[in-house]
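A.B. asks: This is a predicted model, with the sequence first.
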Amino acid sequence: MNRTATIGTEPSAMLEELLARRTTANLRFFEAEADRLARLCHLMAERFARGGRLIAFGHSPAARSDARHVAVEFVHPVIVGKRALPAIALTAEGGELALQVELVAAADDIAMAFGAGEDEGQAARALACARSRGCLTVSFTADTGAEWEFSPPSDDPYVRQELVETLYHVLWELVHVFFDHRGLLAGRDPRRIHDAGASSFLYPFLGEDESSLTAVVDDVRRSALMKAQEIGSLREQTLTENREELISTAEALRSSFDRGGKLLALGNGGSATDAMDIVADLRAARHPAIDLTEDTSILTAVANDIGIEAIFSRQLFAYAVEGDALLALSTSGNSANVIMALTEARRRNLVTIALVGYDGGRIGGEGLADHVIVTRSEHIPRIQEAQASAYHALCELVG
């Protein structure tokens, strides 16, 4: 990756440059791919309607976080009134990816590969196996052999990952459109008119008859472009409105590392996968970091024996040392287990950092962290995407 332009750059100017990279790549990517994205939504909906599943996989630590992120979004939808769709993530913990795919995949499934262009070839071999079994295949790297390849126009892996996250969030949001247009799915009877109901705010164009696939695909294409514009604006808000906070947070985090401290990261659901991602990024840069969402045995033991509110704070008893830093990700700013962890971290004299959405929630309103970076939105996928830009920017600033 080429980051030479940022070396020695003043922090405020660096953030401006990082934002410009993302703005340019975001516009190019979604203007080029919105139509294909809409058509893929339709094909995925048909697979789900036939009983297919999404099988996401990735071998590297960063690819693993994306595979787990897309799986949790499909299984645990935050779209009001929308169904859970079957999705699983296969990662390095389970062994050779191709073998896992061979054991799990069926002809109606959708195989989504992350990191298929990486040197170890694990994801690429799994992708080939999935295609041989009749899966619909999707990847985010060129020349992988997948039927649907989306290659973000950037050589910066942070930017590429952020664009891919937006893309799979948009797929998740808009695949549901075709369930509401039953007549456009093979084997389903049409209804006279579409009604998005309580989730209509996600689909601003939809309300016509089900007779024209072309018309609905075009509506989905325009909706995808609107979502790309929305994240562009939200990313700008996050990196500019929080500029001084990001700079001071990076200084505090760098100071912690310089004194021999480590970062502890946490979050729930999609935010848990973001915690995985920042830990992977920091470790790649040779900074010590621990993901408090990683060990399912510890999480389930604490949740079962003490309560879900203690799953992170309890781990601080074992891992936290004065001078460490805690990074908490929360879209609402109100999650009880996140707040309890921040409280315990302060009791132990850790540097506390929170990335939150909405208006900051309790964490922002009550000043429950030393450094609070607010992404001002109520749309959870967009919040998470902008938060990814924020923690990637922190990684760049820390160096």
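C.D. replies: Looks like it came in fine.

A.B. asks: any idea which helix or strand carries I55?
C.D. replies: For I55, the host element (DSSP states H and E) is strand 54-58.

A.B. asks: Given that strand, what are its sheet partners and their directions?
C.D. replies: strand 87-91 (parallel), strand 110-114 (parallel) (DSSP bridges).

A.B. asks: Restricting to C-alpha, output stretch 376-395 in CSV.
C.D. replies: Taking Å, rounded to 0.1, in the frame of the first residue of the first chain, the C-alpha atoms of stretch 376-395 are listed here in CSV:
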residue,chain,number,x,y,z
ARG,A,376,-24.2,11.6,14.0
SER,A,377,-26.6,9.2,12.3
GLU,A,378,-29.4,6.9,13.4
HIS,A,379,-28.7,4.4,10.5
ILE,A,380,-26.7,1.6,12.0
PRO,A,381,-24.9,0.3,8.8
ARG,A,382,-23.8,3.8,7.9
ILE,A,383,-22.6,4.4,11.5
GLN,A,384,-20.5,1.3,11.4
GLU,A,385,-19.0,2.2,8.0
ALA,A,386,-18.0,5.7,9.2
GLN,A,387,-16.6,4.3,12.4
ALA,A,388,-14.4,2.1,10.4
SER,A,389,-13.0,5.2,8.7
ALA,A,390,-12.5,6.7,12.1
TYR,A,391,-10.5,3.8,13.6
HIS,A,392,-8.5,3.4,10.4
ALA,A,393,-7.6,7.1,10.7
LEU,A,394,-6.5,6.5,14.3
CYS,A,395,-4.3,3.7,13.1
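
A.B. asks: ok, the closest residue to N242 other than its chain neighbours - contacts?
C.D. replies: Using CB to CB, 6 or more residues apart in numbering and skipping the chain neighbours, the partner closest in space to N242 is I373 (4.6 Å). Yep, even glycine has a C-beta here, placed from its N, CA and C like the rest. Shown in contact with I373 (CB atoms under 8 Å, 6 or more residues apart in numbering): T238, N242, E245, L246, T249, I353, A354, L355, V356, Q387, A390.

A.B. asks: Can you tell me the number of residues neighbouring the fifth one?
C.D. replies: Same thing as T249. By the measure other CB atoms under 10 Å, the count of residues near T249 is 28.

A.B. asks: Where does pLDDT dip in the stretch 51-200 of the chain?
C.D. replies: 78-81, 118-120, 181-184, 186-200 (pLDDT under 70).

A.B. asks: Using a markdown table, please lay out the strands paired with strand 54-58 together with distance to A272 and mean neighbour count.
C.D. replies: A markdown table is the format used below for those (distance: least, CB to CB, whole Å; neighbours: other CB atoms under 10 Å):
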| stretch | distance to A272 | mean neighbour count |
| --- | --- | --- |
| strand 87-91 | 12 | 23 |
| strand 110-114 | 16 | 30 |
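
A.B. asks: Among those strands, which comes closest to L266?
C.D. replies: L266 lies closest to strand 87-91 among the strands paired with strand 54-58, at 18.9 Å (CB to CB).

A.B. asks: elements contacting the strand or helix carrying V279?
C.D. replies: Per DSSP H and E, V279 falls inside helix 270-284. Counting contacts by 3 or more CB pairs under 8 Å, 6 or more residues apart in numbering; DSSP states H and E, helix 270-284 packs against helix 61-75, strand 263-267, strand 289-291, strand 325-330, helix 380-398.

A.B. asks: mind giving me CSV with the strands paired with strand 54-58 and columns for distance to S313?
C.D. replies: Below are those laid out as CSV (distance: least, CB to CB, whole Å):
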stretch, distance to S313
strand 87-91, 26
strand 110-114, 31
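
A.B. asks: Mind checking those for the one nearest to R221?
C.D. replies: Between R221 and the strands paired with strand 54-58, the tightest spacing by CB to CB is seen for strand 110-114, at 19.7 Å.

A.B. asks: gap between R347 and A310?
C.D. replies: Distance of R347 to A310, computed by CB to CB, to the nearest Å: 14 Å.

A.B. asks: and the spatially closest residue to L326 that is not a sequence neighbour, how many neighbours?
C.D. replies: The shortest distance from L326 to any non-neighbouring residue, by CB to CB, 6+ apart, is to A345 (4.1 Å). Counted with other CB under 10 Å, the neighbours of A345 add up to 27.

A.B. asks: A345 and T352 touch, don't they?
C.D. replies: Yes - the pair A345 / T352 is scored as a contact, 5.1 Å apart, by CB atoms under 8 Å.

A.B. asks: which residues do these two both contact?
C.D. replies: With CB under 8 Å, 6+ apart as the test, A345 and T352 both reach L326.

A.B. asks: Can you tell me which of the contacts of I373 end up in strands?
C.D. replies: I353, A354, L355, V356 (DSSP state E).
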